[in-house]
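Q: I'd like to go over a predicted model; first the sequence, then the structure.
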Amino acid sequence: MRPVISLKGLSHMTGSRYLLKDINWDINQGDHWVVFGMNGSGKTTLLTILAGFKPLTHGSLTVFGEPYTNDNVLEIRKRIGLVSASFFDQYYTRESALDIVLSGKFGTFGIRYDIQDEDIIKARKLLVELHLGDKIDQLFNMMSKGERQNVLIARALFSNPEILIMDEPCTGLDVYAREHLLNVVRDLAEKTDIAIIYVTHYTEEILSVFDQCLLLRNGYCYTMGKTKEIFNTKSLSDFLRFPVDVKIAEDEKIYIKMDIKSNVRDVIRGSDIWLQ
Ligand SMILES: Nc1ncnc2c1ncn2[C@@H]1O[C@H](COP(=O)(O)OP(=O)(O)OP(=O)(O)O)[C@@H](O)[C@H]1O
């Protein structure tokens, strides 16, 4: 089987700094990957390169068997749903929820001319399904964080993607919306052959369907393999360079416990004295 995404020695350099370094990774149709790493480890950079929104600077990347080119980038993007508030929040401001969802049809930021009535009906239905039925015409920068996240989820799903790339999709969602989204993701994972890549900082979001995992540290792949084998006390303590206790609950959710001491109170007290 040919991978739907294949990275060979992929790097991304900005100035003199590598944000990603020498990543080799194959993702097959129907794979469910979780990408886990600390703040600033390069997850968003990696996902936006995979989805064709940022170029790589070294190595190679093929998606559906082809490298991105100016000619094919929009066609390929249409087949990929990207949910990334870190990325899209930099671009969307005064677009309406409806227009953003419709832009998913074209793989662009804005909408083009060939919008059909059935596109509008589908976009509206998706927004209603994501509890935004009363916000269809609201501007992106007038929406709450969770509402914006739901708009981006609707945009990603609009084109019935073959690859779904989700960058911390539950961030900002309320408890109900979060469970709803996790159910949507589980359902897509179990009943379709969409390849799913899911980034989260919250291990309890790592559904049992995400059976493969890539750990990213400082822009390089620390390890990849079976989630159950990687998410254990020893491997994760080594990865985080900090002792943690990993527990897998009966519902197969993963929990990490750690004992972190804080000096903030001392600093605050100290600064009080300094201010006097
Ligand atoms: N345009 C840019 N120019 C220079 N450095 C950048 C740029 N964008 C991001 N970075 C840096 O690249 C590194 C990786 O950023 P990225 O957003 O990919 O990390 P992340 O793993 O998604 O982080 P988080 O978990 O905090 O969202 C960070 O150190 C960041 O400061």
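A: Arrived safely.
Q: sec struct for Ser6, please.
A: When classified by DSSP: H, G, I helix; E, B strand; the rest coil, Ser6 comes out as strand.
Q: quickly list what it is bridged to.
A: Per DSSP bridges, the residues bridged to Ser6 are Asp26, Thr62.
Q: what about it, how many residues nearby?
A: By other C-beta atoms under 10 Å, the residues close to Ser6 number 19. Backbone N, C-alpha and C define where each C-beta goes, glycine included.
Q: do the one 5 residues further on as well
A: The number of residues packed around Ser11, counting by other C-beta under 10 Å, is 18.
Q: Asp99 too?
A: Neighbourhood size, Asp99 [other C-beta under 10 Å]: 21.
Q: give me the helices and strands touching the helix or strand harbouring it, please.
A: Assignment of secondary structure by DSSP states H and E places Asp99 within helix 97-103. When contacts are defined as 3 or more C-beta pairs under 8 Å, 6 or more residues apart in numbering; DSSP states H and E, helix 97-103 packs onto helix 117-129, helix 145-158.
Q: return the most buried member of the ones you listed.
A: Of these, the one with the most neighbours on average (mean count of other C-beta atoms under 10 Å) is helix 145-158, at a mean of 24.
Q: which residues touch it?
A: Helix 145-158 has contacts (C-beta atoms under 8 Å, 6 or more residues apart in numbering) with 81-85, 88-89, 92, 97, 100-105, 122-123, 126-127, 129-132, 135, 138, 140, 143, 164-166, 169-174, 177, 181, 184.
Q: which residue does the stretch 51-200 of the chain bring closest to the ligand?
A: Ser86 (5.4 Å; C-beta to the nearest ligand atom).
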